[in-house]
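Asker: Quick one: sequence plus predicted model below, questions after.
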Amino acid sequence: MVTEIELKYSLDDARARALLQERRLAGNILTPFVTKTVDDVYYDTPDSRVAQAGYALRIRRKGDETALQLKSLTPAAGAWHRRRELHIPSADPQHPDRWPHTPEARFLRKVIGGRPLQPLFNVHQQRHEAQVLDESGAPFGLLSLDQVRWEAHGRSKEAWEMEIELLPGGDEARLRALADALQKMTGLHPQTISKYEQGLALL
């Protein structure tokens, strides 16, 4: 299990497209953006055992990578999100007997208690990624500008979101300093709820 630490913001189309042209963010250097397609399908049992255990479960397809990801539903503090995250290298959420024999897979089997997993909603993202570098040129964060589309039972919504995830070994104090600087930037609004919670609202 790892702990994911990130900043999350909502922003409009004009602000997002302007940021895609930037090479600095609040005094920090940005590498050129790379665009990737990310597709998520969220799952739970018919009696919501995953949510009741305090987690959201998705299967994520990003490029050639596919994995089950379990994230804790930890409340945010403004734009600041800190969540536990477990990865299970499997592309088959509906057949737990085919999951690898790892501690993460055993934990998820225990959570669902033999109940079937069923899809809830889809989240499609065009993700524009750039590393955030400190003054020495060392990366400490990964910035993602996401064009997000939620789809649930014939309903859909679209929005831009920005995330800045602390990289492994990155300085948390530096990310907090960046959060303080971004409070002064117009057009950015702290996003206190996750994409999962927004999908549930649409559902």
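Answerer: Arrived safely, thanks for sending. Since this is a predicted model, take the numbers as computed values, not measurements.
Asker: end to end, how far does stretch 6-17 reach?
Answerer: With CA to CA, to the nearest Å as the measure, stretch 6-17 spans 21 Å from end to end.
Asker: mean confidence score for it?
Answerer: The predicted model assigns stretch 6-17 a mean pLDDT of 97.
Asker: Return the backbone torsion pair for the residue lying closest to Gln94 once chain neighbours are set aside.
Answerer: On the basis of CB to CB, 6 or more residues apart in numbering, the spatially nearest residue to Gln94 that is not a chain neighbour turns out to be Leu117, at 5.5 Å. The way it works is simple: take the backbone N, C-alpha and C, and place the C-beta from them, glycine included. Leu117 has phi and psi values of phi -100, psi 140 when expressed as degrees, to the nearest 10.
Asker: quick one: contacts for Leu117?
Answerer: For Leu117, the contacting residues are 43-45, 50, 57, 93-94, 96, taking CB atoms under 8 Å, 6 or more residues apart in numbering as the criterion.
Asker: What about these, which are in helices?
Answerer: In helices, defined here by DSSP state H, the members of the contacts of Leu117 are Val50.
Asker: Pretty sure His153 sits against Leu203.
Answerer: Yes: taking CB atoms under 8 Å as the contact criterion, His153 and Leu203 are neighbours in contact, 6.7 Å apart.
Asker: quick check, Glu22 in a helix?
Answerer: No: counting by DSSP: H, G, I helix; E, B strand; the rest coil, Glu22 falls outside a helix, being coil.
Asker: Hmm, it is touching Asn28, no?
Answerer: No: taking contact to mean CB under 8 Å, the distance of 10.4 Å between Glu22 and Asn28 leaves them out of contact.
Asker: More neighbours: which of the two?
Answerer: Asn28 (20 against 11; other CB atoms under 10 Å).
Asker: list the contacts for the more buried one?
Answerer: With contact taken as CB under 8 Å, 6+ apart, Asn28 is in contact with 132-134, 141, 178.
Asker: switch to 7 Å and redo it
Answerer: Applying CB atoms under 7 Å, 6 or more residues apart in numbering to Asn28 gives the contacts 132-134, 178.
Asker: Distance of it relative to Ala138?
Answerer: Using CB to CB, to the nearest Å, we find Asn28 at a distance of 11 Å from Ala138.
Asker: again with Asp12
Answerer: When CB to CB is applied, the distance between Asp12 and Ala138 equals 32 Å.
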